[in-house]
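K.L.:
got a predicted structure plus its sequence, pasted below:
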Amino acid sequence: MKILAIETSCDETAISIIESKGKIKSPKFTILSNIVSSQVAIHKEFGGVVPNLAEREHQKSLVPILITALKQAKLFKKKKYALKKENAALRNILSREQELLKQMKEVFPLEVPLIDRIAVTHGPGLEPALWVGINFAKALSHLWNIPIVPMNHMEGHIFTALIKEDGKNAKKFSIEKTRFPIVALLVSGGHTEIVLMKNIGKYTIIGETIDDAAGEAFDKVAKMLNLGYPGGPAISKLADSGDASAIPFPRPMIKKDSYDFSFSGLKTAVLYYLRDHTSYKKRDVAASFQQAVVDVLTAKTMRALKAHKAKILALGGGVAANTLLRKTLQDTLLRGAKLLLPKISLTGDNALMIAVASYFKKKPTPAKMITARGNTKISD
Ligand code: KG4
Ligand code: ZN
């Protein structure tokens, strides 16, 4: 089976094509293409993602990325004639995406590629951005008569940890054979949640942030320290040379029984610290802040593992790139338990994770029923 996946939930425009072979329950995958085009340079000057700009950029990037992806997968072939009725349908599907429509008209018609399903992120994320990917999927589905599987973005992040690379060939991988339940710590710019995964497709959110996401806290503190956007990598780099015990920032809700998080108070504590001190070392602030975030994430996650008698911990989301978090989780894990970490290059948003997760979905959804769901949960 070949899957084409599209991801446009935030500020990365991504397309991936994968092929699965072998047994249905324990497939071997090959990456035929995995392209991520980041809009960071565009959003940087605004200090965060601007939804309308993201929507515009996705429209500009999708067609060129699709062409490259099809070429890499050896599935690209121009067709000679377009059908008039196809064009009319496209105008209808892409009535709100004029730029995307224009670009599609320039390169289509294309021969129908040998693809069995189109997976597209339908949420959570920024709705204007999600819609571009969804309508693009609908347009392709219509032109090529290929079914669509709408996917949850957070489920995709979990799968980045479950990918087990073939030692010899970086393009080949299988899925970790694990015992369930798995506890997944998902930490990104928009979400922070602890998910209990009872099986593939069976998720319960057992804890989540009640205010800011962990990545968001990194981004906001980076802004206070004038480190630019996105803040996670910058803080983490600066923290390397700082003293993590220099400033006793609060560990919000660390003692609370629930698995919920709160990072807004920590952010404010950093703000007050900077306001009330005339001289401080930025690297110590960065290191102390990072340590506070990692301490809370680790404490709650370990407690969740124990309470649910889970032996496997999976980490996912943009903040999963954080070295201290990866190391601390590994060091704190009880004997007999196993930590599954995503490859750093797959921690940020990408379409490969959407493709892999979609493999396990049984049925496609009729295009008419697919809508952007900005706030959908992995448990929905
Ligand atoms: O998953 P992601 O790429 O996008 C969302 O779905 O939100 O996550 C992006 C977030 C940003 O907030 C970014 O600052 C954070 O991940 N991030 C990091 C690191 N690299 C990226 N946070 C901490 N340490 C890092 N090394
Ligand atoms: Zn994400």
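P.N.:
Yep, it's here. Numbering: from 1, shown residues only. Ligands and ions are numbered 1, 2, ... in the order given.

K.L.:
tell me which residues are up against stretch 270-285.
P.N.:
The contact list for stretch 270-285 (C-beta atoms under 8 Å, 6 or more residues apart in numbering) reads 221, 224-225, 238-239, 241-243, 246-247, 249, 289. (Each C-beta comes from the backbone N, C-alpha and C, glycine too.)

K.L.:
what of stretch 320-340?
P.N.:
Contact partners of stretch 320-340, identified using C-beta under 8 Å, 6+ apart, comprise 157, 160-162, 176, 178, 182, 185, 187, 232-233, 236, 239, 290-291, 293-295, 297-298, 301-302, 305-306, 310-315, 319, 341-342, 344, 347-348.

K.L.:
just the residues you listed: which are in strands?
P.N.:
182, 185, 187, 312-315 (DSSP state E).

K.L.:
in this structure, which spans are helices?
P.N.:
Along the chain, the stretches classed as helices by DSSP state H are 40-44, 51-72, 84-93, 98-107, 127-144, 153-162, 214-224, 231-239, 264-276, 282-307, 323-332, 352-359.

K.L.:
any idea how this structure splits into domains?
P.N.:
2-170+348-369, 180-310 (automatic domain parsing).

K.L.:
neighbours of the closest residue to ligand 2 within the stretch 1-150 of the chain, just the number please.
P.N.:
Nearest to ligand 2 in the stretch 1-150 of the chain, going by C-beta to the ion, is Cys10, at a distance of 6.4 Å. Per other C-beta atoms under 10 Å, the neighbour tally for Cys10 reads 25.

K.L.:
roughly how far does it sit from ligand 1?
P.N.:
The gap separating Cys10 from ligand 1 is 5 Å, by C-beta to the nearest ligand atom, to the nearest Å.

K.L.:
you'd agree that residue is up against Gly190?
P.N.:
Yes. Contact status for Cys10 versus Gly190: in contact at 7.0 Å, counting by C-beta atoms under 8 Å.

K.L.:
okay, and the common contacts of these two?
P.N.:
Contact criterion C-beta under 8 Å, 6+ apart; residues shared by Cys10 and Gly190: Gly125.

K.L.:
neighbours around the residue nearest to Pro248 when sequence neighbours are not counted, how many?
P.N.:
Closest residue in space to Pro248, ignoring its immediate chain neighbours: Ser288 at 7.6 Å, by C-beta to C-beta, 6 or more residues apart in numbering. Neighbourhood size, Ser288 [other C-beta under 10 Å]: 23.

K.L.:
on that earlier part again, so what pLDDT did the residue of the stretch 1-150 of the chain closest to ligand 2 get?
P.N.:
Note for Cys10: predicted pLDDT of 96.

K.L.:
again, but for Gly167
P.N.:
pLDDT, read off for Gly167, is 88.

K.L.:
check contacts around it.
P.N.:
If a contact means C-beta under 8 Å, 6+ apart, then Gly167 has no contacts.

K.L.:
next: Lys74.
P.N.:
Lys74 sits next to Leu32 when contact means C-beta under 8 Å, 6+ apart.

K.L.:
distance of Ile146 from Ile118?
P.N.:
Distance from Ile146 to Ile118, counting by C-beta to C-beta, to the nearest Å: 5 Å.

K.L.:
ok, now Arg179?
P.N.:
Distance, Arg179 to Ile118, using C-beta to C-beta: 32 Å.

K.L.:
now Ala170
P.N.:
25 Å.

K.L.:
just Ile210 next, same as before
P.N.:
Distance, Ile210 to Ile118, using C-beta to C-beta: 36 Å.

K.L.:
out of the two, which sits in the busier spot?
P.N.:
Between Ile210 and Ile118, Ile118 has the larger neighbour count (other C-beta under 10 Å), namely 24 against 14.

K.L.:
was I right to think the more buried one contacts Ile15?
P.N.:
No. Counting by C-beta under 8 Å, Ile118 stays clear of Ile15, with 10.2 Å between them.

K.L.:
need the overlap of contacts for these two.
P.N.:
By C-beta under 8 Å, 6+ apart, Ile118 and Ile15 have these common neighbours: 4-6.

K.L.:
can you tell me which of those are buried?
P.N.:
Buried members of the shared contacts of Ile118 and Ile15, counted by 16 or more other C-beta atoms under 10 Å: 4-6.

K.L.:
phi, psi for the spatially most central residue of the chain please.
P.N.:
By C-alpha atoms, centre = their mean, the chain has its centre lying nearest to Asp349, at 3.7 Å. Backbone torsions of Asp349, given as degrees, to the nearest 10, read phi -70, psi 140.

K.L.:
ok, now how distant is the closest residue to it other than its chain neighbours from ligand 1?
P.N.:
The shortest distance from Asp349 to any non-neighbouring residue, by C-beta to C-beta, 6+ apart, is to Glu12 (4.3 Å). Taking C-beta to the nearest ligand atom as the measure, Glu12 falls 7 Å from ligand 1.
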